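# Mind looking at a prediction? Sequence and model below.
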Amino acid sequence: MAACLVLGAIVGTAGFVARGHTRAPGPVILGGSEAEGTQLAGSPQTRSHPASVQAPSPQAAAPAPVPTTDLPPKTQLPVEHTPQWIREDFAYPLTDPPDPRWIRHEVMPGERLNGIAERYGVTRKNMIKWNRLHRKRPRLRAGQRLKVRAERFGPPRIHARYRVRRRDTWRTIAAAFGLTRAQLKRANRRGVMSPGTFLHVWADSAIPNYGNATATLPDLDFEVPEGGVSIGRPYRGRLQNGIQLPDSDLYTRRIPAHTYGTTRTIQLIQHGIAVFRHDTGFEGEILIGGISRAGGGKFPPHRSHRTGRDVDINLPAFPGFAKGTRARGGQVDWGATWALISAYLHTDQIKYVFLSYKLQKKLHAAAKLMGTPDDDLKYLIQWPRGPRSRHGVIRHSRGHIGHFHVRFLCGPNDRRCVDP
C-alpha cells in the first residue's frame with residue numbers, strides 16, 4: 001500500500017458513529033439492551049465454499065467419509081446442518097484522523113506550558129488565552145486542569161494513585177510506569193514509602209505508536225478450524241464443536257482448558273489483539289480469561305460464557321509490572337484499555353462490553369484525551385447516565401473490576417444462535 005494509513009483514529013478516536021469510519025457493506029446489530037438489540041451499518045465480508053465431501057465411485061467400494069473441517073471426524077457438526085460453511089474475513093479498519101476537540105489537560109509536577117502546547121499541536125499564545133494565564137509569567141501548579149482545543153492526539157497521560165505493596169521501592173515503581181526515580185519522587189515530595197500508602201503517578205499510556213502513521217498492515221491471516229458454532233442464548237445455550245484458542249505471542253491464556261469458543265469468536269479474539277498491538281506498539285501482556293468450556297453449558301461462577309461467544313480480558317497493566325499481573329487501581333493503563341476495546345468495536349461484531357460502572361469513568365476520560373468524538377462516547381459508553389441505563393454498548397455488570405467482558409454477535413454459521 002503506497003499511501004500511509006493514519007492509525008491514531010483506528011483504535012478509539014474518530015468515526016464510530018458520526019463520521020470517518022470506513023465500513024464494509026451490510027447490516028450488523030450493535031448495542032441495545034440485554035433484551036433488545038439495535039441496528040447499525042456494517043458487517044464482515046463473507047464468502048462460502050462447499051463442504052469438501054467426495055462422492056464414491058460406482059465401480060468401487062464407498063470410501064470412508066471425509067470430514068468437512070480440520071477437526072476429528074467424531075466432533076464434526078452433522079453435514080445436514082451446514083451444507084456450506086461461510087468463511088468470514090474481518091477487514092482492517094481504516095478511519096480518518098480525529099477532528100480538533102476541547103479537552104482538559106491535568107498538569108503534572110515540573111511540567112511547562114511550552115511542552116503542553118507542543119503535545120497537542122497548539123501554540124503557547126492560545127494556551128494563555130484559553131486559560132487566562134499571565135502573558136509573560138504563566139504559572140502552573142501540579143493538578144491544575146487546563147483547557148485545550150487539541151489538534152493532535154497521542155498516548156494519553158494517566159494520573160493514578162498507586163498503592164505501595166511489600167517489596168516496592170522508588171526505583172521498581174518508577175520502572176513499572178516507564179519513569180525515572182527522580183520523576184516519581186518529584187511527584188511525591190511528601191510521599192512516604194511504606195506498604196498501604198498511596199503515591200501519585202503521572203505516566204503516558206504505554207502505546208507509543210498511537211496517533212502515528214504507517215504504511216504497514218498487521219498480519220490478520222489466522223487459521224481457525226471450521227465447525228465451532230453457538231446454539232441458543234448466552235445464559236442458557238451451549239457450544240457445539242468448540243475450538244480452543246491457540247497459544248500465541250499475542251496474548252497469554254490464564255487457563256487453556258477454559259478457552260473454547262466458536263470459530264468466529266476465536267478468529268475475532270486474535271484479530272482484535274493483532275490490530276491493537278500493530279496500531280499502538282503496546283508491549284505489555286494481554287491476559288485472556290474464560291471463554292467457554294469445550295462443550296459449552298454451565299461455567300461457574302459465570303452466568304453466561306455458555307455458548308462460546310463471551311470472553312473475559314484482563315485490564316492491561318503498564319508493561320513494567322511482572323507477567324501475570326492482574327491489574328487493579330493504579331496499575332491499569334486506561335489508554336491501552338480503550339485502544340484494545342476500540343479494536344474490537346471496529347470489527348462491528350460486538351453486542352456488549354461489560355465493565356464496572358465506576359471504572360467506565362476512567363475509560364471515558366482516556367477515550368476523550370485520545371480524541372474520541374462526543375457523539376461516539378455518548379453512544380458507546382453507559383457512563384455518566386447511571387449503571388441501570390439501557391444506553392451504551394459498554395455496560396455495567398457486577399464483578400467486572402479487573403477485566404472487561406466482550407460478547408460477540410451471532411455469526412452467519414450460528415443458525416441456532418439467539419442474540420437477545
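Done, it's in.
# contacts, neighbours, all on C-alpha from now
OK.
# In a strand, Arg104, correct?
Yes - counting by DSSP: H, G, I helix; E, B strand; the rest coil, Arg104 is found in a strand.
# Quick one: residues contacting Phe299.
Applying C-alpha atoms under 8 Å, 6 or more residues apart in numbering to Phe299 gives the contacts Ser292, Arg293, His305, Arg306.
# Kindly reformat those residues as CSV containing pLDDT.
Listed next are those as CSV, based on pLDDT from 0 to 100:
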residue, pLDDT
Ser292, 98
Arg293, 96
His305, 97
Arg306, 97
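# possible to save the residues you listed as TSV with secondary structure and neighbour count?
Listed next are the contacts of Phe299 as TSV, based on DSSP: H, G, I helix; E, B strand; the rest coil; neighbours: other C-alpha atoms under 10 Å:
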residue	secondary structure	neighbour count
Ser292	coil	30
Arg293	coil	24
His305	coil	31
Arg306	coil	29
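# Val393: neighbour count?
Under the neighbour criterion other C-alpha atoms under 10 Å, Val393 is assigned a count of 22.
# Equivalent analysis for Ser397, please.
Ser397 has 16 nearby residues by other C-alpha under 10 Å.
# right, and it touches Gln360 too?
No - using C-alpha atoms under 8 Å, Ser397 is not in contact with Gln360, being 10.9 Å away.
# Test for you: state the pLDDT assigned to Trp85.
Looking at Trp85, its pLDDT is 93.
# Tell me which helix or strand it sits in.
Per DSSP states H and E: Trp85 is located in strand 84-89.
# Packing partners of that strand?
Using 3 or more C-alpha pairs under 8 Å, 6 or more residues apart in numbering; DSSP states H and E, the elements in contact with strand 84-89 are strand 45-50.
# averaged over its residues, what pLDDT does the strand it packs on have?
Across strand 45-50, pLDDT averages out at 42.
# repeat for stretch 256-275
Mean predicted lDDT for stretch 256-275 stands at 98.
# contact partners of that stretch?
If you take C-alpha under 8 Å, 6+ apart as the criterion, stretch 256-275 is touched by 88, 90, 92, 218-220, 222, 224-230, 239-245, 250-251, 253, 289-294, 296, 307-309, 340, 343-344, 347, 408, 411.
# Could you give me the PyMOL selection string for whichever of those residues are buried?
Selecting only the buried members of the contacts of stretch 256-275 in PyMOL, with burial defined as 16 or more other C-alpha atoms under 10 Å, works like this:
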select buried, resi 88+90+92+220+224+225+226+227+228+229+230+239+240+241+242+243+244+245+250+251+253+289+290+291+292+293+294+296+307+308+309+340+343+344+347+408+411
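# out of the contacts of stretch 256-275, which are inside strands?
Mapping the contacts of stretch 256-275 onto strands (DSSP state E) picks out Glu88, Val229, Ser230, Leu239, Gln240, Ile243, Gln244, Arg253, Phe408.
# Which strands border the strand holding Trp85, and is each parallel or antiparallel?
Taking DSSP bridges as the criterion, strand 84-89 forms sheet pairs with strand 45-50 (antiparallel).
# Now the one helix or strand Ala160 maps to: buried residues?
Assigned by DSSP H and E, Ala160 belongs to strand 157-163. By neighbour count with 16+ other C-alpha under 10 Å, strand 157-163 contains the buried residues Arg157, Ile158, His159, Ala160, Tyr162, Arg163.
# a markdown table for those, including pLDDT?
A markdown table is the format used below for the buried residues of strand 157-163 (pLDDT from 0 to 100):
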| residue | pLDDT |
| --- | --- |
| Arg157 | 93 |
| Ile158 | 91 |
| His159 | 91 |
| Ala160 | 89 |
| Tyr162 | 93 |
| Arg163 | 91 |
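# Save those residues as JSON lines, and put in distance to Met127 too.
Output for the buried residues of strand 157-163, formatted as JSON lines (distance: C-alpha to C-alpha, whole Å):
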{"residue": "Arg157", "distance to Met127": "18"}
{"residue": "Ile158", "distance to Met127": "21"}
{"residue": "His159", "distance to Met127": "21"}
{"residue": "Ala160", "distance to Met127": "25"}
{"residue": "Tyr162", "distance to Met127": "30"}
{"residue": "Arg163", "distance to Met127": "34"}
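# Go through the residues you listed and say which is closest to Tyr210.
Closest approach to Tyr210 among these (C-alpha to C-alpha): Arg157, at 12.5 Å.
# Contacts only, for the closest residue to that closest one other than its chain neighbours.
Nearest residue to Arg157, sequence neighbours excluded (C-alpha to C-alpha, 6 or more residues apart in numbering): Asp204, at 4.2 Å. Contacts for Asp204 (C-alpha under 8 Å, 6+ apart) come out as Pro155, Pro156, Arg157, Ile158.
# helix/strand/coil for Ala366?
Following three-state DSSP, the label given to Ala366 is helix.
# Equivalent analysis for Ala203, please.
On the three-state scheme (three-state DSSP), Ala203 is labelled strand.
# Pretty sure it sits against Gly178.
Yes - using C-alpha under 8 Å, Ala203 makes contact with Gly178 at a distance of 7.3 Å.
# What segments of this protein are helices?
Taking DSSP state H as the criterion, the chain carries its helices at 113-119, 124-131, 170-176, 181-186, 263-280, 334-345, 357-369, 374-380.
# name the helices or strands packed onto the first one?
Helix 113-119 is packed against helix 124-131, with contacts defined by 3+ C-alpha pairs under 8 Å, 6+ apart.
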